[in-house]
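Asks: Could you work out the structure for the sequence below:
(one chain, ligands or ions: 2)
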Amino acid sequence: MSNNKKSFLILVAGGSASGKSTVVKNILKKAGAHDVLIITHDDYYNREDDLTMEQRIKINYDHPDSLDNNLLNFHLSELLKGNSIEKPIYDFVSYNRSDKTESVNPKPIIIVEGILVLTDKRIRELADLKIFVESDDDVRFIRRLQRDINERQRTVESVIDQYLNTVKPMHYKYVKPTKRYADIIIPNDTNHSVAVDVIAGKIKDIIRGNNNEWFIWKVL
Ligand SMILES: Nc1ncnc2c1ncn2[C@@H]1O[C@H](COP(=O)(O)OP(=O)(O)O)[C@@H](O)[C@H]1O
Ligand SMILES: Nc1ccn([C@@H]2O[C@H](COP(=O)(O)O)[C@@H](O)[C@H]2O)c(=O)n1
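Replies: Ligands and ions are numbered 1, 2, ... in the order given. The predicted structure is shown next:
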């Protein structure tokens, strides 16, 4: 397969546990996994090999500096040129990047999701569509508490402490202000199926070449 025009890049931001990955997974289900690549910004948290576990736990993971945006910017630029990348893999249990990487090939539609994915101008400028997923703070806190205990092996106390000390203040300082860059805002307190249908419809148009501006990934 060779591409005669770059992939269509979608960035999906929103507060922690607002439902970004759920929305993106549902878009993928509707639009088809064959043509859609999903990347999570979490995989680009900085490598912290030189720190002890105690020191890693204390890092502010809701500050833009905790993420390796130079690497994400490079990887996205490569994917948009049609090149493969070796994507890092993040491990929430060890609070560090895993030693393994994943070979990732470009696809016609690339979606990157993460709380801070709209903060870096270089990455925003690569994007063709920017989305912000929004849910009330209390809804997000409850969802995060359940998820972090079930999936990230955290205690109730650690989730509450982290939320009050860094997650909430950083949300207001860095995450929420990026809503102004979004082309589409998805309300996700309850149901997001209409928004997902609309976005999946646009993606299918792009893949089929029915979009005036984008005719991409011609298969020779
Ligand atoms: N519309 C919704 N209604 C109910 N639960 C939801 C909804 N969207 C997401 N969730 C749940 O909230 C939790 C956090 O969602 P997730 O998509 O992981 O958020 P994010 O990627 O923004 O951190 C998950 O357990 C998910 O199943
Ligand atoms: N070691 C880490 C790294 C990040 N976090 C938290 O993850 C949140 C972002 O992921 P979402 O799926 O919730 O968008 C972010 O708020 C960090 O606080 C962590 O707890 N531990």
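Asks: what kind of secondary structure is P88 in?
Replies: When the structure is reduced to helix, strand and coil (DSSP: H, G, I helix; E, B strand; the rest coil), P88 reads as strand.
Asks: Count the residues that sit near it.
Replies: The local packing count at P88 equals 21, with neighbours defined by other Cβ atoms under 10 Å. Glycine gets a C-beta too; all of them are placed from N, C-alpha and C.
Asks: Below-threshold pLDDT in the protein: ranges please.
Replies: Counting by pLDDT under 70, the ranges of the chain that qualify are 1-5, 210-220.
Asks: Just the C-alphas of the top strand by length along it, formatted as PDB.
Replies: Scanning the chain for the longest strand, with DSSP state E as the assignment, gives strand 96-104. Included here for strand 96-104 are C-alpha records, laid out as PDB according to Å, rounded to 0.1, in the frame of the first residue of the first chain:
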ATOM      1  CA  ASN A  96       7.300   3.900  34.200                       C
ATOM      2  CA  ARG A  97       7.700   3.200  30.600                       C
ATOM      3  CA  SER A  98       8.000  -0.500  29.900                       C
ATOM      4  CA  ASP A  99      11.100  -1.900  28.300                       C
ATOM      5  CA  LYS A 100       9.000  -3.100  25.400                       C
ATOM      6  CA  THR A 101       7.900  -1.100  22.400                       C
ATOM      7  CA  GLU A 102       5.200  -1.800  19.800                       C
ATOM      8  CA  SER A 103       5.700  -1.600  16.000                       C
ATOM      9  CA  VAL A 104       3.000   0.600  14.700                       C
END
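Asks: In the sheet, which residues pair with I111? Tell me.
Replies: Going by DSSP bridges, I111 is paired in beta bridges with I10, I38.
Asks: In this structure F132 contacts V117, no?
Replies: No - counting by Cβ atoms under 8 Å, F132 does not reach V117; the two are 10.0 Å apart.
Asks: How about the residues of this structure by ligand 1?
Replies: By Cβ under 6 Å from any ligand atom, the part of the chain that sits against ligand 1 consists of 14, 16-22, 143, 147, 188, 190, 192.
Asks: which of F132 and V117 has more neighbours?
Replies: Just comparing F132 and V117: by other Cβ under 10 Å the higher neighbour count belongs to V117, 28 against 24.
Asks: how about that one, phi and psi?
Replies: When read as degrees, to the nearest 10, the backbone of V117 gives phi -70, psi -10.
Asks: In this structure it contacts V12, no?
Replies: Yes - using Cβ under 8 Å, V117 is in contact with V12, at 7.0 Å.
Asks: mind listing the strands in the protein by residue range?
Replies: According to DSSP E, the strands that the chain contains are 8-14, 36-40, 85-91, 96-104, 109-113, 129-134, 184-187.
Asks: need those strands in TSV with distance to ligand 2, can you?
Replies: TSV is the format used below for the strands of the chain (distance: least, Cβ to the nearest ligand atom, whole Å):
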stretch	distance to ligand 2
strand 8-14	8
strand 36-40	8
strand 85-91	7
strand 96-104	8
strand 109-113	8
strand 129-134	10
strand 184-187	14
